[in-house]
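*Asks:* Predicted coordinates and the sequence they were generated for:
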Amino acid sequence: MVSNGKGWRIGILGIYHESNTFIDQKTTRKDFEDGHLFFRAAIVEEYQHAFHEIGGMIETLRQNPVQILPLMYAEATPGGIIRTDAARYLIENLKEVLGNVGRLDGLLLAPHGAAVAENEDDFDGYWLSVVRDLFPSIPIVGTLDPHANVSQKMVDKVDAFIAYKTNPHVDQRSVGMEAAQLLLDTLNKRIKPLQKLQSSRVAISIEQQYTAEKPCLDLYALAQSLENEKGILSISILLGFPYADVAEMGSAFIVVTDNDAELAGGALHKLELFFHQNHQKFNGEKISINQALEMIPPLPKPVLLLDMGDNVGGGSPGDSTFLLHALEGIEHCKSFVCIKDPDAVKLLEQHQPGDRIWLDIGGKSDDQHGTPLTSEVKLRAIISGGFMEREPRHGGQVHFDMGRTAIVETPNDTTIMVTTLRTVPFSLQQLLHCNIKPQEYDVIVAKGVQAPIAAYAPVCPSIIRVNTQGVTTADVRQLTYRKRRRPLFPFEALNTTQE
Ligand SMILES: [Zn+2]
């Protein structure tokens, strides 16, 4: 590796998908095109100011004598496993951009870490191998979403991984900066990263993955104290993504040291020991819909109900009606719910604002997310569905697109936002840009578990995570796994007597 007068030539590349293997519908090439698919200069244009890891990478690289080579970034909304033809399309493009880039001194990668393709359970391991085969001897540093299910193969192909430390993920930009600095320090021979992965025997419930509260808070505090030790470059806690039936499913730790295997092993042991001693705390509360409805009246409003069974950011269809039916069943409770229903939007587009229309809404994707709500709704507005977010929010994206979207009101004072595309509830702009004022509601439903909190906590003084049925059920013991590692808590009891 020789730096010429213009500095190091560093590429930026990412394929980013969280794949839910329990959904029948597959993720297609169009889902990436409808999502966030950028090549070359368009990557810098989209992310340079964003609270996204690529924005952070660019910022740090720009402060150094570096030629930044943005290559490709492909992200689709979390969903079913990636279809073979879509996976092939991504790999062909990856090979093309890397084939044409010329000399590279280093690479910064942005995988999610929980991508599954039809033909490759460990799709991240696969595409990282393709990258490593093309550039066998340059340093490669990657970021990870803490919902990654990390394989040994992924770790073998990359010199160092750094995961975000927050859930909701509001530190993506600073983690991108950290990754870029680690790569520069490696290139400048200040450090020699050595990383080790330890897969845990604990899978953390999605309900307990909020990093600002216990038990995660204590785990992250331990990681922070270990990270302060001399020789440790980075510690990543992988909370894991439970909705993937793959061998890597579950929580894990990655420790990166300055070429010190023993130090890495010691830190991993301490982290896993903490996990084992506290594993019962990582199992959730599981509040039912009826319990949630009983909790609402005395709470400060609006109350945010988190629909855990229809967690769009975990890949679910976004048209579950269990909470909608429940809220329609109670009186004097002004509610807001967002439902994906392209057929209902098409029908509503034939009407004028103010019209009353009998409509079946939601519950149409499959038989796991409730039945449609039949109601004579009043059409309030039809909008194009694109909006922007400029604050640090989960996912770090700037541009969102719900497709054609209708706002309707039921006779029972429920406002329903009916969208064409599945939309993650990560931005309050989703409501504000169509003149929906959160403070006017008693209850706001967000189809997520932790991610919506960054956007909604500033306007919702009360939050209840509701254990609804669905493909992203918080009770993972309801799902059937064939490939996951065993024993794994909470599926099997953990024998902690030897520790
Ligand atoms: Zn995540």
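*Replies:* That came through, no problem. Numbering: from 1, shown residues only.

*Asks:* count of residues packed around the closest residue to Lys192 other than its chain neighbours?
*Replies:* Distances taken as Cβ to Cβ, 6 or more residues apart in numbering place Asn259 nearest to Lys192, at 4.2 Å, with adjacent residues excluded. Every C-beta, even on glycine, is put in place using the N, C-alpha and C of the backbone. Number of residues near Asn259 (other Cβ atoms under 10 Å) recorded here: 12.

*Asks:* Pro193 is in contact with Asn259, correct?
*Replies:* Yes. Taking contacts as Cβ atoms under 8 Å, Asn259 lies within contact range of Pro193: 7.5 Å.

*Asks:* show me what contacts the residue nearest to Lys192?
*Replies:* 191-194 (Cβ atoms under 8 Å, 6 or more residues apart in numbering).

*Asks:* Just among these, which is most surrounded?
*Replies:* Neighbour counts for these peak at Pro193, which has 20 neighbours (criterion: other Cβ under 10 Å).

*Asks:* For Ile68, see how far away the nearest residue to that one once chain neighbours are set aside is.
*Replies:* Excluding its sequence neighbours, the residue lying closest to Pro193 (Cβ to Cβ, 6+ apart) is Ala160, at 4.2 Å. The gap separating Ala160 from Ile68 is 19 Å, by Cβ to Cβ, to the nearest Å.

*Asks:* These two - which one has more neighbours?
*Replies:* Ala160 (24 against 19).

*Asks:* Is that one bridged to anything, and to what?
*Replies:* Val141 (DSSP bridges).

*Asks:* Show me where the stretch 351-499 of the chain dips below the pLDDT cut-off.
*Replies:* 496-499 (pLDDT under 70).

*Asks:* For the residue nearest to Pro193, give me its contacts.
*Replies:* Ala160 neighbours (Cβ under 8 Å, 6+ apart): 141-142, 179, 182, 186, 193, 195, 233-234, 256.

*Asks:* likewise Thr60?
*Replies:* Thr60 neighbours (Cβ under 8 Å, 6+ apart): 176-177, 180-181, 184.

*Asks:* Buried residues, stretch 353-367. List them.
*Replies:* For stretch 353-367, the neighbour count (16 or more other Cβ atoms under 10 Å) marks 357, 359-365 as buried.

*Asks:* cool, stretch 177-192 as well?
*Replies:* Buried residues in stretch 177-192 (16+ other Cβ under 10 Å): 177-187, 191.

*Asks:* what's the closest of the contacts of Ala160 to the ion?
*Replies:* In terms of Cβ to the ion, no member of those lies closer to the ion than Gly142, at 14.9 Å.

*Asks:* circling back to that earlier point, can you tell me which of the contacts of Thr60 is closest to Val170?
*Replies:* Gly176 (12.8 Å; Cβ to Cβ).

*Asks:* would you say the closest one is within a helix?
*Replies:* Yes. With DSSP: H, G, I helix; E, B strand; the rest coil as the criterion, Gly176 is part of a helix.

*Asks:* State the distance from it to the ion.
*Replies:* Going from Gly176 to the ion by Cβ to the ion, to the nearest Å gives 15 Å.

*Asks:* Which residues of the chain lie near the ion?
*Replies:* 145, 147 (Cβ under 5 Å from the ion).

*Asks:* domain assignment for the chain?
*Replies:* 8-282, 289-474 (automatic domain parsing).

*Asks:* Now render these as JSON lines, adding distance to Phe491.
*Replies:* What follows is those, written out as JSON lines (distance: least, Cβ to Cβ, whole Å):
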{"stretch": "domain 8-282", "distance to Phe491": "8"}
{"stretch": "domain 289-474", "distance to Phe491": "14"}
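
*Asks:* Next, the buried residues of the strand or helix carrying Ser236.
*Replies:* Element membership for Ser236 (DSSP states H and E) is strand 232-238. Residues of strand 232-238 classed as buried by neighbour count (16+ other Cβ under 10 Å): 232-238.

*Asks:* helices or strands up against it?
*Replies:* Judged by 3 or more Cβ pairs under 8 Å, 6 or more residues apart in numbering; DSSP states H and E, the packing partners of strand 232-238 are strand 160-163, helix 172-187, helix 216-227, strand 252-258, helix 261-277.

*Asks:* who touches it?
*Replies:* Residues contacting strand 232-238 (Cβ under 8 Å, 6+ apart): 113, 144, 146-150, 160-163, 165, 178, 182, 191, 193, 219-220, 223-224, 226-227, 251-258, 263-264, 267, 271.

*Asks:* Please apply the same query to stretch 479-496.
*Replies:* So stretch 479-496 is contacted by 22, 121, 199, 201-203, 205, 242-243, 245-250, 276-277, 279, 282-283, 473, 476-477 (Cβ under 8 Å, 6+ apart).

*Asks:* redo that, cut-off 6 Å
*Replies:* Applying Cβ atoms under 6 Å, 6 or more residues apart in numbering, the external contacts of stretch 479-496 come out as 22, 201-203, 245-247, 249-250, 276, 279, 283.

*Asks:* what does stretch 101-110 give?
*Replies:* Against stretch 101-110 from outside (Cβ under 6 Å, 6+ apart): 1, 8-14, 53-54, 57, 69, 135, 138-143, 179-180, 183, 187.

*Asks:* for it, how far is the first residue from the last?
*Replies:* 18 Å (Cα to Cα, to the nearest Å).

*Asks:* What residues of it count as buried?
*Replies:* Applying 16+ other Cβ under 10 Å to stretch 101-110 flags 101, 104-110 as buried.

*Asks:* farthest pair in the residues you listed?
*Replies:* Asp105 and Ala110 (18.2 Å).

*Asks:* Please tell me how far Val418 sits from Gln430.
*Replies:* Here Val418 is placed at a distance of 13 Å from Gln430 (Cβ to Cβ).

*Asks:* Next: Lys281.
*Replies:* With Cβ to Cβ as the criterion, Lys281 and Gln430 are 33 Å apart.

*Asks:* same check, this time on Val130
*Replies:* 36 Å.

*Asks:* for the closest residue to Asn467 other than its chain neighbours, phi and psi?
*Replies:* Spatial nearest neighbour of Asn467, excluding adjacent residues (Cβ to Cβ, 6+ apart): Lys286 at 4.3 Å. When read as degrees, to the nearest 10, the backbone of Lys286 gives phi 60, psi 70.
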